[in-house]
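Enquirer: Here is a sequence with its predicted model. Questions after.
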Amino acid sequence: GNSVTQMEGPVTLSEEAFLTINCTYTATGYPSLFWYVQYPGEGLQLLLKATKADDKGSNKGFEATYRKETTSFHLEKGSVQVSDSAVYFCALMMAGDSNYQLIWGAGTKLIIKP
Amino acid sequence: SQTIHQWPATLVQPVGSPLSLECTVEGTSNPNLYWYRQAAGRGLQLLFYSVGIGQISSEVPQNLSASRPQDRQFILSSKKLLLSDSGFYLCACSLPRGAFFGQGTRLTVV
């Protein structure tokens, strides 16, 4: 079946460090890929997405590139801030799914220390 | 753009009491709606989804139920809460461009 695997957290970094959160997927077709962010006590917010191979999604300094050959969608940021501390979820949506259902990774908690 | 309203934001209920959480959607019609639960420090567990009025699909058998009485209204209920029902409940609307979430309800069963 279709699935998403994320690196386990928590990931702890110092402010201004480079961030990578790994995400790989298994899918029988051609999914769209998403990153969501959840700040403490809040719902999830769409951070960025990519709909086809080699697309790069970007937002708020975060980037992720849809790599079909490695079935990956790793999240990166060049210089993290304390305010980036949150839980990050990778997800996929299969093309042709009329329910538009997202399949979620387990989430990765990111802690940024000043 | 779509907006998801959830209430209440927090709720403390005794074991054995009933539950009703409401979710309403603005800015889109005939949405696909979802209820998720998130235990502390854990990922998302899909509970129910609905593709239309009166249409409910259950993903996990438990003492919760869901109803969709109107196109943009999705309700999560229980007749008798258990301690294990504690968690963070999230309502979401799923569209081709992604899912959009409410702010969540923190339920504590005591």
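Expert: Sure, I can see it. Quick caveat, the model's predicted, so the values are computed rather than measured.
Enquirer: Could you use CA atoms for every contact and neighbour count after this?
Expert: Will do.
Enquirer: For the nearest residue to residue B:27 once chain neighbours are set aside, report the pLDDT, please.
Expert: Distance criterion C-alpha to C-alpha, 6 or more residues apart in numbering or on different chains; nearest residue to residue B:27, sequence neighbours excluded, is residue B:2 at 4.2 Å. Note for residue B:2: predicted pLDDT of 85.
Enquirer: Torsion angles phi and psi at residue B:2?
Expert: With angles defined as degrees, to the nearest 10, residue B:2 sits at phi -80, psi 150.
Enquirer: pretty sure it is touching residue B:30, no?
Expert: No - using C-alpha atoms under 8 Å as the test, residue B:2 is too far from residue B:30 to be in contact (11.9 Å).
Enquirer: Okay, now the sheet partners of the helix or strand harbouring residue B:91, with direction.
Expert: Residue B:91 is part of strand B:87-95, with elements assigned from DSSP states H and E. Applying DSSP bridges, strand B:87-95 is found paired with strand B:32-38 (antiparallel), strand B:98-101 (antiparallel), strand B:105-109 (antiparallel).
Enquirer: which stretches of chain A aren't confidently modelled?
Expert: Scanning chain A for pLDDT under 70 picks out nothing.
Enquirer: just the residues of it that are near chain B, which are they?
Expert: Contacts of chain A with chain B, taken as C-alpha under 8 Å from any C-alpha of the partner chain, map to A:34, A:41-46, A:93, A:99-102, A:104-107.
Enquirer: Restricted to helices, list the residues you listed.
Expert: The members of the residues of chain A next to chain B all map outside helices under DSSP state H.
Enquirer: can you pull out the strands in the chain?
Expert: Using chain A here. Counting by DSSP state E, the segments of chain A that form strands are A:3-6, A:11-14, A:19-21, A:23-26, A:31-38, A:44-50, A:56-59, A:62-65, A:75-77, A:86-94, A:102-104, A:108-113.
Enquirer: switch to chain B, that's the one I care about
Expert: For chain B, the strands defined by DSSP E occupy B:3-7, B:10-13, B:19-26, B:32-38, B:45-52, B:55-58, B:64-70, B:73-78, B:87-95, B:98-101, B:105-109.
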